[in-house]
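Peer 1: quick one: sequence plus predicted model below, questions after.
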Amino acid sequence: MKFKGIIFDLDGTLVDSLHDISDAMNTVLQSLNFPTHTYETYQYFIGSGLRNLVSKALPSTNNSDEQIELCFECMINEYREMCTVKTKPYEGILELLENLTSENIKMAVFSNKADELTKKIASEIFPNHFDTAVGLSTEALKKPNPFEALEISKKWNLKPEEILFVGDSDIDMQTAINANMFPVGVSWGYRTEEELKTSGAKVVINNASELIEIL
């Protein structure tokens, strides 16, 4: 078997978290009497970390660094309480993870979501499948920086080219390329198949079971 490990993105790849993220941010915006956004709009805000999402969600007239930081703290407090209310695994994901576990494939999560929340969601929704779940601890290590992905490969004692990197965004594909891992896009997330291919996806899968075929 060529590939011995898989690093998964979280939001838009393993779980549909759009509604919980959107609801938390809209709660903050409403408290400040700022305009809120639809779920469809938030779909394009997700992927570069929650601080970046806050910046995009705020009105351009209220987008100072101070305002972003204040709203980010408020958003995190809201989201921490509701991050698994509506968030659910995508269809076929649990079955996929069971199959991969039975085949002794190493698996990890690497997300641009805050590290605390990444670990919380991964442990609560997928309690028995991931040996590592890494989120954003410092802006400098945010995807597409491959540092954390390469740290995972070292932990596993695997070469980067032995690892699939699976995600739903251009940032995930760029991270895979930067880490010299095999980039796999998923079509059920928050970005289009065209965007994934343009960003370097070697394969775009339409359902979870297709990942087994790649392995």
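Peer 2: Thanks, I have it.
Peer 1: just give me the longest strand of the chain.
Peer 2: Of all the elements of type strand in the chain, the one with the most residues (DSSP state E) is strand 106-114.
Peer 1: in its sheet, which strands sit next to that one, and in what direction?
Peer 2: As defined by DSSP bridges, the strand partners of strand 106-114 come to strand 5-8 (parallel), strand 132-136 (parallel).
Peer 1: could you say what helices and strands the helix or strand just after the shortest one packs with?
Peer 2: Of the helices and strands lying after strand 5-8 in sequence (DSSP states H and E), the nearest is strand 15-16. Contacting strand 15-16 under the criterion 3 or more Cβ pairs under 8 Å, 6 or more residues apart in numbering; DSSP states H and E are the following elements: strand 88-89. Glycine gets a C-beta too; all of them are placed from N, C-alpha and C.
Peer 1: next SSE downstream of the strand it packs on?
Peer 2: On the C-terminal side of strand 88-89, the closest following helix or strand by DSSP H and E is helix 93-102.
Peer 1: flag every buried residue along that next one.
Peer 2: Neighbour-count burial for helix 93-102, counted by 16 or more other Cβ atoms under 10 Å, picks out Ile93, Leu94, Leu96, Leu97, Leu100.
Peer 1: please apply the same query to stretch 53-72.
Peer 2: Within stretch 53-72, the residues scored as buried using 16+ other Cβ under 10 Å are Leu53, Val54, Ser55, Lys56, Ala57, Leu58, Gln67, Ile68, Cys71, Phe72.
Peer 1: how about stretch 186-197?
Peer 2: Burial within stretch 186-197, assessed by neighbour count using 16+ other Cβ under 10 Å, is assigned to Val186, Trp188, Gly189, Tyr190, Arg191, Glu195, Leu196, Lys197.
Peer 1: give me the domain ranges for the chain.
Peer 2: As assigned by automatic domain parsing, the chain contains the domains 5-16+88-214, 18-82.
Peer 1: out of these, deepest packed?
Peer 2: The highest mean neighbour count among these belongs to domain 5-16+88-214 (a mean of 19), with neighbours defined as mean count of other Cβ atoms under 10 Å.
Peer 1: how long is that one end to end?
Peer 2: Its start and end residues considered, domain 5-16+88-214 measures 12 Å (Cα to Cα, to the nearest Å).
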